[in-house]
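> kindly return the folded structure for what I paste below:
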Amino acid sequence: MDTSCLCFLLFLYIARKKHVEANWPAFGYATFYILTAYYIYKNRWFKTFLFSFVLSVWTIFTLFYPFYIDRIGLGKIYPPKIDPLHRLVGWEELGKKVTQIVKELETDKYFIFSHSYHIASELSFYVEGNPQTYCVVIQRRMNQFDLWPGLEQFEGKGYTGIYVSYWGLPEKVKRSFDRVKAHYKYDIIYRGWKYRTVHIYVLENFKKLNQDKVNRY
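Just a heads-up that it's a prediction; the model follows:
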């Protein structure tokens, strides 16, 4: 077993024990099969080619369509909690939920924001009309949203804010509006497992939000 294979197995073990972001293993999805083909050719394992080919097809199918494992009762072998695809689901449905809330406002004086750049980015893509979203600075590092105009353009103009968060409504955000008009909860379900709950707040009459200073990058 050469060094490259040992490195791969080491990182595979670490990834199994740690929290893995969805894009981290992406480099391996294609290169793993190239590496397999190389070893087959180098060692002239042609008799095992058919087995390797079937194994490769099965691995790809499992990575991108793991639902069949649950259907045959083997979900514990590859549970949704360690399935990196679980971070990619739910955004389209969440966008539809926020779109519905926006339409019920019956006003153009609103803005959508979060203190998570991930949530703000996904909503700008999945909410109908692809609106400009905003990411406020509350205990986070700098991101691309800090390079664009922020909430100061809406101060004292009677705007409604739609705040989307995993962790509830920060007190300083609550104080920057007159009142909380509505609070919705949206559960992200993946392979029968509730991945997390997203909180959506409708806040009336934006005044001013004293954001934290960006002190890390």
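
> for the most centrally placed residue in the chain, give me the pLDDT.
With distances taken as C-alpha atoms, centre = their mean, residue 87 lies nearest the centre of the chain, 4.6 Å away. Looking at residue 87, its pLDDT stands at 80.

> who are the packing partners of the longest helix along the chain?
Identified as the longest helix of the chain according to DSSP state H is helix 26-43. Helix 26-43 is packed against helix 49-64, with contacts defined by 3 or more C-beta pairs under 8 Å, 6 or more residues apart in numbering; DSSP states H and E. C-beta coordinates here come from the backbone N, C-alpha and C atoms, glycine included.

> name the residues that touch stretch 123-141?
Stretch 123-141 is contacted by residues 91-92, 94-96, 98-99, 102, 111-117, 120-121, 143, 145-146, 148, 150-151, 164, 170, 172-173, 209, 211-214, 216-217 when judged by C-beta atoms under 8 Å, 6 or more residues apart in numbering.

> helices - which of those residues land there?
Assigned to helices by DSSP H, the following of those qualify: 91-92, 94-96, 98-99, 102, 117, 120-121, 172-173.

> any of those buried? List them.
Buried by 16 or more other C-beta atoms under 10 Å: 91, 94, 95, 98, 99, 102, 117, 120, 121, 173, out of those.

> which one of these is nearest residue 187?
Comparing those against residue 187 with C-beta to C-beta places residue 94 closest, at 10.2 Å.

> residue 196 contacts residue 185, correct?
No: the pair residue 196 / residue 185 is not scored as a contact, 10.7 Å apart, by C-beta atoms under 8 Å.
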